[in-house]
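>>> Sequence and predicted model, in that order:
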Amino acid sequence: MPGKLDEISRAIGAIETSVHELRRRADEDREIRDLWHAESRAAIAALTEKLDQHAAAMEMMRPAVAALEQSRSKLAAWASISFVGVVVFGWIVEAAVKWAVGWTLSHFQ
């Protein structure tokens, strides 16, 4: 019996040692995860701050962008009107040249 008690005692001691080692590893793991969590929280806070700065910059740029969009549409309208004007002017020049050539040829016949 004393031999069996010694074996049981050693087994219990080994189990206790294993449990202590597992607790130590769990504590280390918890500390590491807490550190990672703190680092992640700091990184997210920094990114949030940058995002807020970019959002503020976009808000400042919004009137300028709206003005550019409006001027672009005005420019497109003027370009369309100018194109129509050039086409009409081309027709007038073409008609004048045909009339001049016809008039010139009619004097030589």
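Cool, the structure landed. Quick caveat: nothing in here was measured; it's all calculated off a predicted structure.
>>> okay, CA-based contacts and neighbour counts for the rest of this
Noted.
>>> Show the residue spans covered by the helices in the protein.
2-107 (DSSP state H).
>>> which residues of it score low on pLDDT?
Within the chain, the stretches with pLDDT under 70 are 1-2.
>>> please redo it, this time with the cut-off set to 80
1-3, 6, 108-109 (pLDDT under 80).
>>> and Leu22, what does it touch?
With Cα atoms under 8 Å, 6 or more residues apart in numbering as the criterion, no residue contacts Leu22.
>>> please renumber so the chain begins at 26
Okay, residue one is now 26; in that scheme the one you just asked about reads as Leu47.
>>> What is the neighbour count of Met83?
Using other Cα atoms under 10 Å, Met83 has 13 other residues around it.
>>> and the gap between it and Ala89?
Distance of Met83 to Ala89, computed by Cα to Cα, to the nearest Å: 10 Å.
>>> Which parts of stretch 59-72 count as buried, going by neighbours?
Residues of stretch 59-72 classed as buried: none (neighbour count, 16 or more other Cα atoms under 10 Å).
>>> Show me how far that stretch is from its chain's centre.
22 Å (Cα atoms, centre = their mean, to the nearest Å).
>>> Likewise for stretch 112-131?
57 Å.
>>> Could you do stretch 84-96 as well?
Using Cα atoms, centre = their mean, the offset of stretch 84-96 from its chain centre is 19 Å.
>>> And stretch 82-101, by the same measure?
Using Cα atoms, centre = their mean, the offset of stretch 82-101 from its chain centre is 20 Å.
>>> Over to stretch 75-86?
The answer for stretch 75-86 is 13 Å, by Cα atoms, centre = their mean.
>>> In it, which of the residues would be classed as buried?
In stretch 75-86, counting by 16+ other Cα under 10 Å, buried: nothing.
>>> Give me the contact list for it.
Counting by Cα under 8 Å, 6+ apart, no residue sits against stretch 75-86.
>>> how about 10 Å then?
Defining contact as Cα atoms under 10 Å, 6 or more residues apart in numbering, one finds that stretch 75-86 is touched by 69-74, 87, 89-90.
>>> can I get those residues in a markdown table with distance to Leu60?
A markdown table is the format used below for the contacts of stretch 75-86 (distance: Cα to Cα, whole Å):
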| residue | distance to Leu60 |
| --- | --- |
| Ile69 | 14 |
| Ala70 | 15 |
| Ala71 | 17 |
| Leu72 | 18 |
| Thr73 | 20 |
| Glu74 | 21 |
| Arg87 | 40 |
| Ala89 | 44 |
| Val90 | 44 |
